[in-house]
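Visitor: how would this look folded up:
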Amino acid sequence: MIYRSKAPLRIGLAGGGTDVSPYSDEFGGAILNATISLSANATIELTNEGGIQIQALDRKEIQQFNFANELPINGVLDLSKGVYNRIQKDFGINLQNFKLSTYVDAPAGSGLGTSSTLVVAIIGAFVEMLKLPLGDYDIAHYAFDIERNDLKLAGGKQDQYAATFGGVNFMEFYAGDKVIVNPLRIRSEYLSELENNLVLYFTATSRESATIIKEQQKNVVQKNEKSIDAMHQLKEQAKMMKEALLKGKLHEIGEILDFGFQQKRLMAENISNNNIEKIYDAAKNAGATGGKISGAGGGGFMIFYCPGNSRYQVIETLQNFGGVVRPFSFTKSGLKTWTIQ
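Guide: The predicted structure follows:
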């Protein structure tokens, strides 16, 4: 038997960072994001080989274990092992011979929510195999709990919910890990134009998001007014973006993105750097009206809003910086699981 799952990566359009505690606990956060046609994939295959084999096909990492109720967390394949450990603890996995394989369409640290999306996909494969009674909110919170509490990884809450629910969502974050996902009913022509005008660009650098996020958290704890005010402004940006998309005010999107770019740089050091600033300025000079760093910042993917036919000049300009433009489309569905006999 083969059990498969697939969960979409996401691009954040507004409000990035306000889903991170303690800001979201104290002030409430809001984010608008959309899932795209890049994904994290997980497969569980029953074998006769004996033991548990875990491999990340994209990273060319593989480990073999004798059956155990808990696998060692040691910096290699920890996301897969963390999910296994938690599900073994909560539900019990009686199968002693299987292979868990994963593959992600974007590199770790690229700002598209790869780690959290992968955790959701792995959970999905186990849910499919064990027929676990978990709904969408359950799976998303379970992924969050494994990452933040079991594995002690710093980060926010949006990625797990985006990967599980899919589509374009306005998300609200409150104290007690409360999350409300509001799917947006955007007219198809508005969404098509948004997709046409957005350029997704990989800067060819990845970064450790935890370092940036920890500084952001420290700034809230220490009542850094500049940083907290920037987060307030980003929360307002999410509301501005929601209104622009629902009402078809697409001409405002570049300016809304640019507003967020200016604010996000104030949240923590190293969100931006000289290379990112040069890329951003060059894209705007080529016709983009705004853009943003995807994820925590520091590298990874950037997106640019390019109205009219300016995307072609922007893409040509970006080729001078050594990165790669990645084609994408929006997706409506979130986590999918299925079984092959």
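Visitor: what about Pro22, how many residues nearby?
Guide: Neighbour count of Pro22, defined by other CB atoms under 10 Å: 12. C-beta here means a position set from N, CA and C on the backbone, and glycine is covered the same way.
Visitor: nearest spatial neighbour of it, skipping sequence neighbours?
Guide: In space, and not counting its chain neighbours, Pro22 is closest to Val220: 5.2 Å by CB to CB, 6 or more residues apart in numbering.
Visitor: where does the stretch 151-300 of the chain have low pLDDT?
Guide: 206-210, 269-270, 296-298 (pLDDT under 70).
Visitor: strands along that one, start to end?
Guide: 168-174, 178-183, 198-202, 290-293 (DSSP state E, counting those that start in this stretch).
Visitor: list the contacts for the residue nearest to Pro22?
Guide: 22-23, 26, 227-228, 231 (CB atoms under 8 Å, 6 or more residues apart in numbering).
Visitor: and it, how far from Asp90?
Guide: 31 Å (CB to CB, to the nearest Å).
Visitor: and Phe126, by the same measure?
Guide: Distance from Phe126 to Asp90, by CB to CB: 10 Å.
Visitor: between these two, tell me which one has more neighbours.
Guide: Using other CB under 10 Å, the more surrounded residue of Phe126 and Asp90 is Phe126, with 24 against 9.
Visitor: assumed the more buried one was part of a helix.
Guide: Yes. According to DSSP: H, G, I helix; E, B strand; the rest coil, Phe126 belongs to a helix.
Visitor: next, count neighbours for the closest residue to it other than its chain neighbours.
Guide: The shortest distance from Phe126 to any residue other than its chain neighbours is 5.1 Å, reached at Ile87 (CB to CB, 6+ apart). Ile87: 20 surrounding residues under other CB under 10 Å.
Visitor: ok, Leu153 next?
Guide: 18.
Visitor: you'd agree it is up against Glu147?
Guide: Yes. Counting by CB atoms under 8 Å, Leu153 touches Glu147, with 4.8 Å between them.
Visitor: what residues of stretch 184-195 count as buried?
Guide: By 16 or more other CB atoms under 10 Å, the buried positions in stretch 184-195 come out as 186, 190-191, 194.
Visitor: out of these, the closest to Ile139 would be?
Guide: Ile186 (24.5 Å; CB to CB).
Visitor: now do the contacts for the closest one.
Guide: 168, 245-246.
Visitor: just the buried residues out of the residues you listed, in PyMOL syntax.
Guide: Remark: buried members of the contacts of Ile186, expressed as a PyMOL selection using 16+ other CB under 10 Å:
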select buried, resi 168+245
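Visitor: about what we covered before: ok, the residue nearest to Phe126 - contacts?
Guide: 93, 123, 126, 130, 132.
Visitor: equivalent analysis for Leu112, please.
Guide: Leu112 neighbours (CB under 8 Å, 6+ apart): 9-11, 36, 38, 106, 294-295, 300-301.
Visitor: same check, this time on Met171
Guide: 19, 30-33, 157-158, 161-162, 179-182.
Visitor: for Glu45, state which of those residues is nearest.
Guide: The closest of the contacts of Met171, once distances to Glu45 are taken by CB to CB, is Ala162, at 27.5 Å.
Visitor: for burial, what's the neighbour tally of that closest one?
Guide: By other CB under 10 Å, the residues close to Ala162 number 32.
Visitor: Asn169 is in contact with that one, correct?
Guide: Yes. If you go by CB under 8 Å, Ala162 and Asn169 touch, sitting 6.6 Å apart.
Visitor: overlap in contacts, those two.
Guide: Contacts common to Ala162 and Asn169, judged by CB under 8 Å, 6+ apart, are 33-34.
Visitor: and the next element down the chain from the longest strand belonging to the chain?
Guide: Taking DSSP state E as the criterion, the chain has its longest strand at strand 29-46. Sequence-wise, the next helix or strand downstream of strand 29-46 (DSSP states H and E) is strand 51-56.
Visitor: what helices or strands is that next one leaning on?
Guide: strand 61-65, helix 78-90, strand 97-104 (3 or more CB pairs under 8 Å, 6 or more residues apart in numbering; DSSP states H and E).
Visitor: for Trp338, which of those is the nearest?
Guide: strand 97-104 (15.2 Å).
Visitor: neighbouring strands - and their directions - for that closest one?
Guide: In the sheet containing strand 97-104, its partner strands are strand 29-46 (antiparallel), strand 51-56 (parallel), by DSSP bridges.
Visitor: coming back round to it: please identify the buried residues of the longest strand of the chain?
Guide: 29-36, 38-45.
Visitor: what do you get for stretch 82-95?
Guide: For stretch 82-95, by 16+ other CB under 10 Å, it's 82-88, 93.
Visitor: go on, stretch 260-275?
Guide: 260-261, 263-268, 270-273.
Visitor: what is the end-to-end distance of it?
Guide: 18 Å (CA to CA, to the nearest Å).
Visitor: what sits up against it?
Guide: If you take CB under 8 Å, 6+ apart as the criterion, stretch 260-275 is touched by 14-17, 203, 205, 211-213, 215-216, 219, 226-227, 229-231, 233-234, 237, 280, 290-293, 296-299, 321.
Visitor: now a ChimeraX select for only the buried ones of these.
Guide: Filtering the contacts of stretch 260-275 down to the buried ones (16+ other CB under 10 Å) takes a single ChimeraX command:
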select :14,15,16,17,203,205,212,213,215,216,219,227,230,231,233,234,237,280,290,291,292,293,296,297,298,299,321
